[in-house]
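Trainee: The sequence and its predicted three-dimensional model are supplied below.
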Amino acid sequence: MDYKKITKDLQRITKKVGDFLIESQKRVNAVEISEKSTNQLVSEIDVTSEKMLVEEILMLYPKAGFITEENTIKTSQQDLIFIIDPLDGTTNFLHGLPLYSISIAATYKQELVSGVVLIPVLKECFYATKNEGSFLNGEKIRVSESENFEESLLATGFPYYNFKEMDSYLDCLQYLMENTRGLRRMGSAAIDLAYTAAGRFCGFYELHLNTWDVAAGALLVREAGGVYTDFKGNENDISGKEIVAGNKKIHAAMKALFADKFQDKPKQS
C-alpha cells in the first residue's frame, strides 16, 4: 500500500472540493439549513461536499471503506478506510467566517497512515503520511517548543450539546486562562489540531467530538513530533470523545491538569 500516493491523492481531491466550498459560501443565504440536534447545524453543502469527496476517492480506491459525518455512504469493514469530515466548522461557514476546513484521514488495518486538512479560503493544506512527517504547503512543520503553560497559547472548543462535565471543563478553562498566554476557539477541531502540529498553538484539548473531526489532525500532530491522546493517555483512541494534543511537555501538563479536574467530579444531569 503506497501511503504517500494516498496523501497526494487526498491533497488533490480536497483542493477540488475546497474550491466548491469557497464558491458555495458566496450563496450561503440560499442554502437549506437543518439541525442534527441542539446547536449542531448541517447544510446541504456539507452533504454535497461529502458526496463529491466519496465519489472522487472511489474512482481511485474502489474497494475502500468509509466513515463519514453525513452518512452518505456506509461501508467501514475494509482494510483501507477513509474518515471524512466534508466541512468542519459548519457554523463558521454559514455565518460567513473563513475558518472552516475539509478533513480526511486514511487508515489501513486500523492504523492511521494518511491525513489532510485543507483550509480553503486561506489556501493552507496541512498533510501527513505515516513515518514521513507533517507538512504545510510543501514545508515541513513541527510542534511548538514551549515548555510550560506560562509561555503557551492553547486552543480548545466549547461544549455545544453535551454539558454533563461543564463544571470540570470550566475549572480547567479558568486555570488555563490564568496561567497561559491565552486560549483560542477557532470553531474547527481539524484546524486546531493542524495549527498545533504547525506550532501555532502549543496545545489543544476538547470533549465530545467524533472520529471524523480529529483523525487527520491526530496524525498531523504525531508526525510533527507531538503527542495526541485521550485524557487518560491512550494514543490509540481517535474517537474524539476526549482530546489532548501538543508537544510532549505541554501534553503532559494538560493531561495532569485534566486528571485532577475531571477526577471524581459529580456529573450534571
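Mentor: Arrived safely.
Trainee: tell me the SS of the residue nearest to the spatial centre of the chain?
Mentor: Centroid-nearest residue in the chain, with Cα atoms, centre = their mean: Ala190, separated by 2.4 Å. Following DSSP: H, G, I helix; E, B strand; the rest coil, we place Ala190 in the helix state.
Trainee: out of everything not next to it in sequence, what's closest to it?
Mentor: Among residues not flanking Ala190 along the chain, Ser103 sits closest, at 3.8 Å (Cβ to Cβ, 6 or more residues apart in numbering). All C-beta spots, glycine's among them, are computed from the backbone N, C-alpha and C.
Trainee: quick one: that neighbour is in a helix?
Mentor: No: looking at Ser103 with three-state DSSP, it is strand, so not inside a helix.
Trainee: Just to check, it is in contact with Leu209?
Mentor: No: at 11.1 Å, Ser103 and Leu209 do not qualify as touching, with contact defined as Cβ atoms under 8 Å.
Trainee: more neighbours, the two?
Mentor: Between Ser103 and Leu209, counted using other Cβ atoms under 10 Å, the more crowded position is Ser103 (31 against 18).
Trainee: Need the pLDDT of the residue nearest to Ala190.
Mentor: pLDDT for Ser103: 98.
Trainee: swap in Gln268?
Mentor: pLDDT, read off for Gln268, is 43.
Trainee: and what of Ser37?
Mentor: Reported pLDDT for Ser37: 51.
Trainee: Now do the contacts for Gly233.
Mentor: Contacts for Gly233 (Cβ atoms under 8 Å, 6 or more residues apart in numbering) come out as Lys255.
Trainee: Tell me how far it lies from Ser134.
Mentor: 21 Å (Cβ to Cβ, to the nearest Å).
Trainee: ok, Lys109 touching Asp79?
Mentor: Yes: judged on Cβ under 8 Å, Lys109 makes contact with Asp79 at a distance of 5.3 Å.
Trainee: Please list the outside residues in contact with the longest helix along the chain.
Mentor: Longest among the helix segments of the chain by residue count, using DSSP state H, is helix 3-25. Contact with helix 3-25 is made by 31, 45, 48-49, 52-53, 56-57, 60-61, 86-87, 93, 96, 100, 102, 104, 106, 108, 113-116, 118, 120-121, 125, 127-130, 132, as judged by Cβ under 8 Å, 6+ apart.
Trainee: Tell me which residues touch the residue nearest to Ala190, please.
Mentor: So Ser103 contacts Ile84, Asp85, Asp88, Gly115, Val116, Val117, Ala190, Trp212, Asp213, Ala215, Ala216, Gly217 (Cβ under 8 Å, 6+ apart).
Trainee: so how many other residues sit close to Leu219?
Mentor: 30.
Trainee: quick one: Ile81 from Ala215, how far?
Mentor: Distance from Ile81 to Ala215, by Cβ to Cβ: 10 Å.
Trainee: likewise Asp167?
Mentor: 29 Å.
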